[in-house]
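> coords please:
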Amino acid sequence: MTQTIKDSIKAFIIENFLFGDTSYDLQDDASLIENEVIDSTGVLELVAFIEDQFGFVMADADIVPANLDSVARITAFVAKHAEAPALNKMSA
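Predicted coordinates for the structure are as follows:
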């Protein structure tokens, strides 16, 4: 599931922020902000994509570089939250 999440996130970033430029070397742990791939408006677009694509609402406190500044961080954050409802159902 994590690979599917990562592939979806990478595809979104390439299409929306790199304008389809697949020649850009988008490393999983490279900073999207420091490498000027996304800016503050881009972060909002990314949040909207995550909420729509993965079906959960991000709290304001979650919209920080620790969760959103690289493909690897975004993938880990989404994977953790995408699994949470399933875990809650199992414990109920």
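> for the spatially most central residue of the chain, what are its contacts?
The residue at the geometric middle of the chain, judged as the C-alpha nearest the mean C-alpha position with C-alpha atoms, centre = their mean, is residue 74 (3.6 Å). Contact criterion C-beta atoms under 8 Å, 6 or more residues apart in numbering gives 9, 46, 50, 67, 68 as the residues in contact with residue 74. Where you see a C-beta, it was placed from the backbone N, CA and C, and this is true even at glycine.
> Need the max-distance pair from those residues.
9 and 67 (12.0 Å; C-beta to C-beta).
> out of those two, which sits in the more crowded spot?
When neighbours are counted by other C-beta atoms under 10 Å, residue 9 and residue 67 differ, and residue 9 comes out ahead with 23 against 19.
> Check the secondary structure at residue 49 for me.
Under the three-state scheme (DSSP: H, G, I helix; E, B strand; the rest coil), residue 49 adopts helix.
> Roughly how far does the nearest residue to it once chain neighbours are set aside sit from residue 37?
The shortest distance from residue 49 to any residue that is not its chain neighbour, by C-beta to C-beta, 6 or more residues apart in numbering, is 5.3 Å, and that residue is residue 12. Spatial separation of residue 12 from residue 37 under the definition C-beta to C-beta, to the nearest Å is 12 Å.
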